[in-house]
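*Asks:* Have a look at this prediction, sequence included:
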Amino acid sequence: MGGDGGTHLSAHVSALYASTALLSLALVWLSYRLHTLDQVRKPTYPRYVVLIRHAESEGNVDVDAYRTIGDPLIPLTARGRAQAEAMAHRLRELIGELRVWAFTSPYLRSRETASIALAQFPPGSYRLAEDPRLREQEFAGGFQHSVPDRSEQRLYSKFFWRFPGGESAADVYDRLSMFMDTLWRDMHRVDLSGSAVLIFAHGLTNRLFCMRWLHWSPRVFEQTRNPPNCGFLVLALQPADASGHPYYRLTAESVRQLGLPAELWAESELGDTLVMSDPAESAPSSWSLGLSRLHAPHVDCAALHAAGVRKLTPPTIAGGSGWRSRAGNGWRADGA
């Protein structure tokens, strides 16, 4: 009996050692997988996000073109094609040898602009994809037999008013939000570091992209104007700040093209609210969590500036790593 008991005990000990070894191996494997997944999930940010308005189109020089040509089929003029070639050289000066991830509106004038511009880049240095969410605002359900009447829009709201049979700027904003979610997932799935994202679209579309990315209020958006044909707006990645988070800044030339009133951003820390944004703020999760690191969403900078406010100081969540409340509670407004 004693021998049998010792044998059973030895077997149990051996089984315990074997189980412990297997558990250790499983923990090592799990730790490795979690580390790998963590690396995959960390976003990689492009050096630049550049929003390019299409070159001059037939519709820009003759509004009657929309009577007989569908808006998606309006082509570039000869002058527009020359504009696109010249713009490509400016783009090359900006982004140098960075890899290019390009997206374009499916409308012909944007596709032609993208094709002409990207032809100036070395073969294999870029990828181009069409995305219908980048299309122009729809002004009517079909051919435009008359110039849209905007008098009611001016009385109602440039952002919320909807063209009969068409879209409001708010509608375009919503689909751009979905596009931005896709772009955010790309930052997790594809290594975009050392690259530039180029978006060939339309004047209003690009302004609304800035509004969504930088969290402008509708009132701030309504003070902007379209850049000229082939004008581009540049969101430039900045080094990480003290909390370790990188952020994007809208360049001064981009602010000028948008026509943002200088008093809202120049010589004032309040202006950073208009031109800076943590890229993580565009993630769907950050909206649902209600977190923002740099500024409250949709801050009415015009009203604050008129009231003498020159700086917003947000509260810091206790125990957080630099993240700040998006809800607006506890924000301190400081005068000049």
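*Replies:* Here it is on my side, so go on.
*Asks:* so where do the strands sit in the stretch 51-200 of the chain?
*Replies:* For the stretch 51-200 of the chain, the strands defined by DSSP state E, counting those that start in this stretch cover 99-104, 126-130, 195-201.
*Asks:* Now that we have those strands, can you turn them into a markdown table and tack on mean pLDDT?
*Replies:* Formatted as a markdown table, the strands of the stretch 51-200 of the chain follow (pLDDT from 0 to 100):
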| stretch | mean pLDDT |
| --- | --- |
| strand 99-104 | 97 |
| strand 126-130 | 96 |
| strand 195-201 | 98 |
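*Asks:* want to throw those into JSON lines with distance to residue 66 and mean neighbour count?
*Replies:* In this view, the C-beta of every residue, glycine as well, is placed from N, C-alpha and C. Rendered in JSON lines, the data for the strands of the stretch 51-200 of the chain read as follows (distance: least, Cβ to Cβ, whole Å; neighbours: other Cβ atoms under 10 Å):
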{"stretch": "strand 99-104", "distance to residue 66": "21", "mean neighbour count": "21"}
{"stretch": "strand 126-130", "distance to residue 66": "22", "mean neighbour count": "14"}
{"stretch": "strand 195-201", "distance to residue 66": "18", "mean neighbour count": "25"}
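*Asks:* Switch those strands over to JSON lines; also include distance to residue 10.
*Replies:* Shown next, in JSON lines, are those (distance: least, Cβ to Cβ, whole Å):
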{"stretch": "strand 99-104", "distance to residue 10": "62"}
{"stretch": "strand 126-130", "distance to residue 10": "63"}
{"stretch": "strand 195-201", "distance to residue 10": "61"}
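*Asks:* Out of these, which gets nearest to residue 27?
*Replies:* strand 195-201 (36.8 Å; Cβ to Cβ).
*Asks:* All the helices of this protein, residue numbers only.
*Replies:* Residue ranges of the helices in the chain, as given by DSSP state H, are 2-41, 58-61, 65-68, 78-95, 108-118, 151-156, 169-189, 203-214, 218-221, 252-258, 272-275, 284-289, 301-306.
*Asks:* Could you give the average pLDDT over the fifth one?
*Replies:* Summarised as a single mean, pLDDT over helix 108-118 is 98.
*Asks:* show me where pLDDT drops low in this structure?
*Replies:* By pLDDT under 70, the weakly predicted segments of the chain are 1-9, 11-13, 15-16, 18, 32-41, 141-142, 144-148, 243, 262-274, 278-336.
*Asks:* hang on, the earlier thing: so which of the strands of the stretch 51-200 of the chain gets nearest residue 93?
*Replies:* strand 195-201 (12.1 Å).
*Asks:* Got the domain ranges for this structure?
*Replies:* 1-41, 44-261 (automatic domain parsing).
*Asks:* Turn these into TSV, including distance to residue 275.
*Replies:* Putting the domains of the chain into TSV (distance: least, Cβ to Cβ, whole Å) gives the following:
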stretch	distance to residue 275
domain 1-41	28
domain 44-261	4
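*Asks:* So which of those is the most surrounded?
*Replies:* Mean neighbour count, computed with mean count of other Cβ atoms under 10 Å, is highest for domain 44-261 among the domains of the chain, reaching a mean of 18.
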